[in-house]
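>>> Pasted the sequence and its predicted model underneath.
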Amino acid sequence: MANEMKPRILGVEDERAIAEPLAESLVREGFDPRVAATVADAETAFEAREPDLVLLDVMLPDGDGRALCRELRRRSDVPIVMLTARGEEVDRVVGLELGADDYVVKPFSARELAARIRAILRRGRGGASKREVVEVGPIRLDASSRTVTKDGRPVEMAAREFDLLQLLMSRAGEVVRREEIMDLVWDEHWFGSTKTLDVHVSWLRKKLEDDPAAPVFITTSRGVGFRFAAPEDLAAG
Ligand code: CA
């Protein structure tokens, strides 16, 4: 297989005892890995060539893998798998809240990790680059022109409404947590009330739903977050 056909994996791990066998096993499993040992090195590698998936250690010599996770997630939909040490219970939760797709606990078997990577890449979530057009049922969102249509008719959107809708539609079928929405659509350091999120959701419903009081597209997962309907939900209805 030509190298450009192989999924590109960026591993960020400073411990050579883990990084070296990791790279070797990824090659064996049919991936095209590049291993960075620091946050700075990882950022350079990411800029040079956006990978299809990132494996990210938590404790790095020049920074925190969780902060890097957050930053990568703001820039890209690239799947991120946190590499955590045994017993880092908090880090697992935080990793997932930061927008990581999965985590593995060290030490991990090469085969298990490869299976996990394949499952995530199959699941897709947009792959290495953000999808330009997302279409779910009658709603179509075009990221390049920042336009939304319903049944082909344009729907006017304020900037923040568009960003919120884009996030929810890009993860259609998945509950997106309130904290994650606040981080990604509002501000990384939002400490105020999240009531503004509910207000924006209600505005989106008024624009998109046939009956905003009985929403079909954007549903609430109480105490957790919001979910945009999956295509199959709408087909069943
Ligand atoms: Ca480390």
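Received, thanks. Since the structure is predicted, the reported quantities are computational estimates derived from the model, not experimental observations.

>>> mind listing what's buried in the strand or helix carrying residue 117?
With the criterion set as DSSP states H and E, the secondary-structure element containing residue 117 is helix 110-123. Taking 16 or more other C-beta atoms under 10 Å as the neighbour-count basis, helix 110-123 is seen to contain the buried residues 113-114, 116-117, 120-121. (Glycine included, C-beta is placed from N, CA and C.)

>>> do stretch 103-112 as well
103-104, 108.

>>> Would you convert the residues you listed into a markdown table that also reports pLDDT?
As requested, the buried residues of stretch 103-112 are arranged in a markdown table below (pLDDT from 0 to 100):
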| residue | pLDDT |
| --- | --- |
| 103 | 81 |
| 104 | 83 |
| 108 | 84 |
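
>>> Restricted to strands, list those.
Restricting the buried residues of stretch 103-112 to those inside strands, with DSSP state E as the criterion, leaves 103-104.

>>> okay if I get the buried residues of stretch 103-112 as JSON lines plus distance to the ion?
Conversion of the buried residues of stretch 103-112 to JSON lines gives the following (distance: C-beta to the ion, whole Å):
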{"residue": "103", "distance to the ion": "14"}
{"residue": "104", "distance to the ion": "14"}
{"residue": "108", "distance to the ion": "14"}
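
>>> ok, back up a step: what is the nearest of the buried residues of helix 110-123 to the ion?
Nearest to the ion, judged by C-beta to the ion, of the buried residues of helix 110-123 is residue 113 at 16.1 Å.

>>> what residues are up against the closest one?
By C-beta atoms under 8 Å, 6 or more residues apart in numbering, the contact list for residue 113 reads 22, 25, 55, 104.

>>> Could you pull out the strands in this protein for me?
According to DSSP E, the strands that the chain contains are 8-12, 32-36, 53-57, 59-60, 63-64, 80-85, 102-106, 133-136, 139-142, 147-150, 153-155, 175-177, 218-221, 225-228.

>>> ok, now how distant is residue 219 from residue 195?
Per C-beta to C-beta, to the nearest Å, residue 219 is found 19 Å from residue 195.

>>> Neighbour count: those two, which is higher?
Using other C-beta atoms under 10 Å, the more surrounded residue of residue 219 and residue 195 is residue 219, with 15 against 8.

>>> beta partners for that one?
Residue 219 has these beta-bridge partners by DSSP bridges: residue 227.

>>> going forward, begin numbering at 38 instead of 1
Will do, 38 is the new start, and the previous item becomes residue 256.
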